[in-house]
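In: Here's a sequence, model it:
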Amino acid sequence: MILHRPAGARGRAEFGWLDSRHTFSFGGFHEPEWMGFGPLRVINEDRVAPGGGFAPHSHANMEILSYVLEGALEHRDSLGTGSVICPGDLQRMSAGSGITHSEFNASQTEPVHFLQIWIQPDRLNIPPGYAQRNFPDTERRGVLRLLASPDGAGESLSLRQDARVYGALLAPGERVEHALAAGRRAWVQMARGALLMNDLALAAGDGAGIGEETALVLHASEDAEVLLFDLP
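Out: Residues are numbered from 1 along each chain as shown. Next up is the predicted model:
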């Protein structure tokens, strides 16, 4: 079973400083049949204008990942964390019992383009936390590199959910495979480029949910950047 979510079918929010595309229902965009995929609740593709950003606001009981494609994103939170997230970085903010944060474009001249991802945790109201790690292109080129996992395996970021997030950079003609264990499902999100996932063509912004399959084959038709979520 494969569910295709074309880029053009996503919701959209525009606020001048922000152009956001919503894979799943979010904010004022609501589609009952697209409320998430397993514990994967949000994938927003955000473009923030120079100097723009999200003023301080609060979250609770959500694992929030930020994955920057272009530019730089400045983060501050109520834990005292201050950081700048750049391409190749993955940030994980565990909202837990509650956290307040802000996210701003770190540049006054260039836009920032990033994916904001929410994963529902398997534990509620535990202390909030923050982590960030850089995954160089060399670690993701031609392979599915583990970026986040329940146990932080392979120097990945830890998640409070039985979910694993992989990232890959593929050149034209390169292919990678991922075995899907019994009872597991997966979501593939295209960040850039184009590829074939099994027999389904995916382009930038497209997503696909996979269930009742034993293996995924990703075969790049052009330079591609892709995230794969292995989910319960």
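
In: for the protein, what are the low-confidence residue spans?
Out: Judged against pLDDT under 70, the chain has no low-scoring part.

In: and the closest residue in space to residue 79 that isn't next to it in sequence, backbone torsions?
Out: Spatial nearest neighbour of residue 79, chain neighbours left out: residue 130 (5.8 Å); criterion: Cβ to Cβ, 6 or more residues apart in numbering. C-betas here are computed from N, CA, C, even on glycine. Phi and psi for residue 130, reported as degrees, to the nearest 10, are phi -140, psi 140.

In: try residue 155
Out: phi 60, psi 30.

In: repeat for residue 9
Out: When quoted as degrees, to the nearest 10, the phi and psi of residue 9 stand at phi -90, psi -10.

In: Relative to residue 210, how far out is it?
Out: 17 Å (Cβ to Cβ, to the nearest Å).

In: And those two? Which one has more around it.
Out: For residue 9 versus residue 210, the count of surrounding residues by other Cβ atoms under 10 Å is larger for residue 210: 25 against 14.

In: What lies in contact with the helix or strand hosting residue 21?
Out: Per DSSP states H and E: residue 21 is located in strand 18-22. With Cβ atoms under 8 Å, 6 or more residues apart in numbering as the test, strand 18-22 has contacts from 7, 10-14, 29, 42-49, 52, 205.

In: list the contacts for the spatially most central residue of the chain?
Out: With distances taken as Cα atoms, centre = their mean, residue 117 lies nearest the centre of the chain, 4.3 Å away. By Cβ under 8 Å, 6+ apart, the contact list for residue 117 reads 40, 42, 43, 44, 64, 65, 66, 67, 165.

In: Pretty sure the third one sits in a helix.
Out: This points to residue 43. No. Residue 43 sits outside any helix when classified using DSSP: H, G, I helix; E, B strand; the rest coil, being strand.
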